[in-house]
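> Give me a 3D structure for the following:
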Amino acid sequence: MRNDLPKLVVVSGPTASGKTDLGIWLAKKFDGEIVSADSRLVYKELDIGTAKPINENGAIFISQGVVHHMIDVTTLKKDYNAAIYKKEAIKKIRSIQKKGKLPFLVGGTGLYIDAVVKNIDFPEISQDKKLRQELEEKSLDELYSEYEQLDPSGAEKIDKKNKRRLIRAIEVCRMTGDSFWENRRLEEPIFDCLELGIAIEKDILFMRIKKRISKMIKMGLENEAKKLIKKYGNVPALETIGYAEWKEYINKNIDKKDLEKIKERMAINTNKFAKRQMTWFKRNKDINWIANKKEAEKLVKQFLKRAD
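Here you go, the predicted structure:
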């Protein structure tokens, strides 16, 4: 990275690893603000199931005294993708830098982070509503199989459990005749980045995942999920973990046995998702893996002292 560029600190890692807590702690230490890099936190109404930070201020999203950006920026009815995220996130980062504060890009959506850090230029392809409706009706396995035939190299890298991303990839391939993955070009970097990743043992992470799920259910996840599924139906955002698991119980009274099944399914799905996140992040050799807050603080101090 070039030292003459505006500085940006990235905090990444798998779900439930403590990214938000670390980001807030660092933002308080270094007079910063947080830009969320989470593909579900962008949606209004997805609150409990996404472990969204509690907003202390209605107009500006503030949690634990720290301003957060890129949370609640769109609705479940609207399509949202990495290209849109990149443009909006960069605007927020630059506005933070103009105020003389340090921006922290915090989240677990690897493509969103790379879009900003690597300055990915996405192909500008308009959506085909007829094609999209056709693809929406297909299963994940059917979508992945089709994408694998259209773009073998891209199929090795894409999150095969992310229906929305698979649909967009197929859409681009069909409309351009080219590889979705190869269509994304890396431009010159626009920020000098320090990338931090939270290193956590698998058994500890799984324990945290189960604890988080229990907390979500106590907070009212069942009611939130059922309400949103009834209101919006099968929109792509509700295919996510924490919401999809409730669909077969939408018109049922859930007993203790059913609830344990849902919790177990959520835990298994979340653990698999965390593994996919780590597979993505481990490809990035620029990430500095840290085990605690003090290690992170030390690296940020060194990063800020670097000569311009």
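
> Select the longest helix from the chain.
Secondary structure of the chain per DSSP state H: the longest helix is helix 256-282.

> Where does pLDDT dip in the chain?
Applying pLDDT under 70 to the chain flags the ranges 1-2, 125, 181-184, 307-308.

> tell me the domain ranges of it?
Structurally, the chain divides into domains by automatic domain parsing as follows: 123-183, 202-274.

> Tell me which residues touch Arg94, please.
Counting by Cβ atoms under 8 Å, 6 or more residues apart in numbering, Arg94 makes contact with Pro6. (Each C-beta comes from the backbone N, C-alpha and C, glycine too.)

> Okay, it and Glu33: tell me how far apart.
For Arg94, the distance to Glu33 equals 12 Å [Cβ to Cβ, to the nearest Å].

> what's the answer for Ile287, then?
22 Å.

> sorry, back to before: closest to Ile84 out of the domains of the chain?
domain 123-183 (11.1 Å; Cβ to Cβ).

> Just checking the distance from that closest one to the centre of its chain.
Taking Cα atoms, centre = their mean, to the nearest Å, one finds the center of domain 123-183 at 19 Å from the center of the full chain.

> One more: stretch 51-69?
Between the centre of stretch 51-69 and the centre of its chain there are 17 Å (Cα atoms, centre = their mean).

> rewinding a little: just checking, what packs against the longest helix of the chain?
Helix 256-282 sits against helix 110-117, helix 202-219, with contacts defined as 3 or more Cβ pairs under 8 Å, 6 or more residues apart in numbering; DSSP states H and E.

> Swap in 10 Å and give it another go.
strand 7-12, helix 110-117, strand 192-198, helix 202-219, helix 221-232, strand 287-290 (3 or more Cβ pairs under 10 Å, 6 or more residues apart in numbering; DSSP states H and E).

> is it possible to export these to TSV including distance to Gln64 and mean neighbour count?
Shown next, in TSV, are the helices and strands packed on helix 256-282 (distance: least, Cβ to Cβ, whole Å; neighbours: other Cβ atoms under 10 Å):
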stretch	distance to Gln64	mean neighbour count
strand 7-12	15	26
helix 110-117	22	23
strand 192-198	18	22
helix 202-219	17	16
helix 221-232	22	17
strand 287-290	20	17
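
> can you redo those as TSV with distance to Ala27?
Listed next are the helices and strands packed on helix 256-282 as TSV, based on distance: least, Cβ to Cβ, whole Å:
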stretch	distance to Ala27
strand 7-12	9
helix 110-117	17
strand 192-198	13
helix 202-219	22
helix 221-232	27
strand 287-290	16
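
> Stretch 293-308: which residues count as buried?
Ala296, Glu297, Leu299, Val300, Phe303 (16 or more other Cβ atoms under 10 Å).

> The last one: helix or strand, and which one exactly?
Here Phe303 is covered by helix 293-305, with elements defined by DSSP states H and E.

> Which residues outside that helix are in contact with it?
For helix 293-305, the external contacting residues (Cβ atoms under 10 Å, 6 or more residues apart in numbering) are 1, 3, 7-9, 11, 18, 21-23, 25-26, 29-30, 32, 102, 104, 192-199, 288-290.

> again, only this time at 7 Å
If you take Cβ atoms under 7 Å, 6 or more residues apart in numbering as the criterion, helix 293-305 is touched by Lys7, Val9, Leu22, Trp25, Leu26, Lys29, Phe30, Leu194, Leu196, Asn288, Ile290.

> So what sits opposite the last one in the bridge?
Judged by DSSP bridges, the bridge partners of Ile290 are Ile198.

> Report whether the expected contact of it with Ala199 is present.
Yes. Contact status for Ile290 versus Ala199: in contact at 6.4 Å, counting by Cβ atoms under 7 Å.
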